[in-house]
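> how does the following fold in three dimensions:
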Amino acid sequence: MKAKHFVLYVLLFLITSVSTYSNSDFAGEIVVVITDNSTRQIDLNAVGIVWGDHTTNYAITNSYNSYSTTYSSAAYDFCESQDNDLPVVGYGLYKITIDTAYFIYVDERDCDWNNRTLYSDPDITFNFDPSSHTWTAYGSGYNGSVGSGSTFNIWTLKTSPQTPATSTFQPTDPSGLSITNVGGHPSLTWSASSDPSSAKYHVYRNGTQITSSALTSPDYVDDDIDMGSHPPTFAYKVRAVSGDGTTSSSVNYTNEVTVHGIEVEKKPGVAIEVPLENKLDQNYPNPFNPATTISYQILKDGRVTIKVFDAIGREVTTLVDEFKPSGQYSIKFDASRLSSGIYIYSVKSGDYNAVKKMALIK
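Just a heads-up that it's a prediction; the model follows:
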């Protein structure tokens, strides 16, 4: 069976029964049937973003935004060309309109055609009745009316329904990067990518990527730079990556924003000065999303333990559990995988114990 990509191509059939189309040479075809066999104008227009097929790594494209024609046969098959498999329309949300007035939205952003044998997409036939202006859909596991103007999600018809698999699709460009001073460090925020691919992000400083793992939210604090009013200058920009963090990147970076400051020359876990007392600072920022910094100081050499608990006292994670010399320290807490709420963090060093609360707001 040939690989199907949600594309528009006219195939003329002599027989117009629904069963005819379910046995054709293509997987997951979308067939539109005019029930009275009349000639009608049909238009297909992309609504929002369109991606190419798997041979282009699901890249965003402007090539398949619309198609319009007048049909002289009752059945109109939306699929690849039988002759050369050239797509006419790409992956995305599309509006199918008959006679410029009666329409439905068809959403097929769910399919990974590299696994088409595994997922086995059924054929779907939409009947349009010109006398009542109503739509009816037929497919594996579905048989019923579709309200005019409604969105029809193709993945609900799969033999084994799948969550829309858009994590490998190319994300749209993030935008609107800005920087503020938070605790003496550059705090970056930007507008998230507006597409269904659950985009993640990487931050670049002076052209070098400084995030080892892709970020899940559109904000980041660069703890390695202390902001100031004089050079050197640090230039920041952000780029989106696909939801799986590796497959593809946005076409463009955000705008570039520069700040003055100095790079902090210290290694994690090394004291910067001798403290006069044991102390646990309030995390900063607070509230936070998704990361915050916990600073503390230890008066005597010894084993230090820092743990995080949820509001009912269940341990969430251990941030520090090791021997440390007397000194001042800070540790970053990333709560990307946690739910919003109040969390408690504690430090224990010898006879010293301290506890504070922090708020995660997503």
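> next up, phi/psi of Asp281, please.
Dihedral angles of Asp281 (phi, psi; degrees, to the nearest 10) stand at phi -80, psi 160.
> which parts of this protein are helices?
Along the chain, counting by DSSP state H, helices occupy 18-21, 116-119.
> pick out the shakiest of these, pLDDT-wise.
Mean pLDDT is lowest for helix 18-21 among the helices of the chain, at a mean of 28.
> with adjacent residues omitted, what lies nearest to Ile342?
Leaving aside its chain neighbours, Ile342 sits nearest to Ala311 (4.7 Å; criterion: C-beta to C-beta, 6 or more residues apart in numbering). In short, each C-beta sits where N, CA and C put it, glycine included.
> tally of neighbours for that neighbour?
Neighbours of Ala311 under the rule other C-beta atoms under 10 Å: 10.
> same thing with Val316?
That count, for Val316 with other C-beta under 10 Å as the rule, works out to 16.
> again with the one 10 residues further on
Other residues lying near Ser326 total 16 when counted by other C-beta under 10 Å.
> state the pLDDT value of it.
Ser326 carries a pLDDT score of 81 in this model.
> max-length strand in this protein?
Selection of the longest strand in the chain by residue count, based on DSSP state E, yields strand 40-51.
> and it, how far from the chain's centre?
Its chain's C-alpha centre and that of strand 40-51 lie 23 Å apart, by C-alpha atoms, centre = their mean, to the nearest Å.
> list the buried ones in that strand?
Buried residues in strand 40-51, counting neighbours by 16 or more other C-beta atoms under 10 Å, are found at 40, 42-44, 46, 49-51.
> between these, which is closest to Asn286?
Comparing those against Asn286 with C-beta to C-beta picks out Ile49 as the nearest, at 36.5 Å.
> distance check, that closest one against Phe152.
According to C-beta to C-beta, to the nearest Å, Ile49 and Phe152 sit 18 Å apart.
> for Phe288, same thing?
Counting by C-beta to C-beta, the gap from Phe288 to Phe152 is 41 Å.
> again, but for Phe234
According to C-beta to C-beta, Phe234 stands 49 Å off from Phe152.
> again with Tyr236
Plainly put, Tyr236 is 43 Å away from Phe152 if you go by C-beta to C-beta.
> between these two, which is the more surrounded one?
Neighbours were counted for Tyr236 and for Phe152 using other C-beta under 10 Å; Tyr236 has more, 25 against 21.
> residues touching that one, list them.
177, 179, 186, 188, 203-205, 222, 256-259 (C-beta atoms under 8 Å, 6 or more residues apart in numbering).
> tell me the pLDDT of Val264.
Reported pLDDT at Val264 in the predicted model: 73.
> is it true that it touches Asp223?
Yes: using C-beta atoms under 8 Å, Val264 is in contact with Asp223, at 7.3 Å.
> got the end-to-end distance for stretch 263-282?
24 Å (C-alpha to C-alpha, to the nearest Å).
> please apply the same query to stretch 126-135.
6 Å.
> now that stretch, how far from the chain's geometric center?
So, by C-alpha atoms, centre = their mean, the centroid of stretch 126-135 is 36 Å from its chain's centroid.
> what mean pLDDT does that stretch have?
Summarised as a single mean, pLDDT over stretch 126-135 is 88.
> contacts only, for the closest residue to Thr254 other than its chain neighbours.
Closest residue to Thr254 apart from its sequence neighbours, by C-beta to C-beta, 6+ apart: Leu177 at 4.0 Å. Residues near Leu177 by C-beta under 8 Å, 6+ apart: 188-190, 236-238, 254-257.
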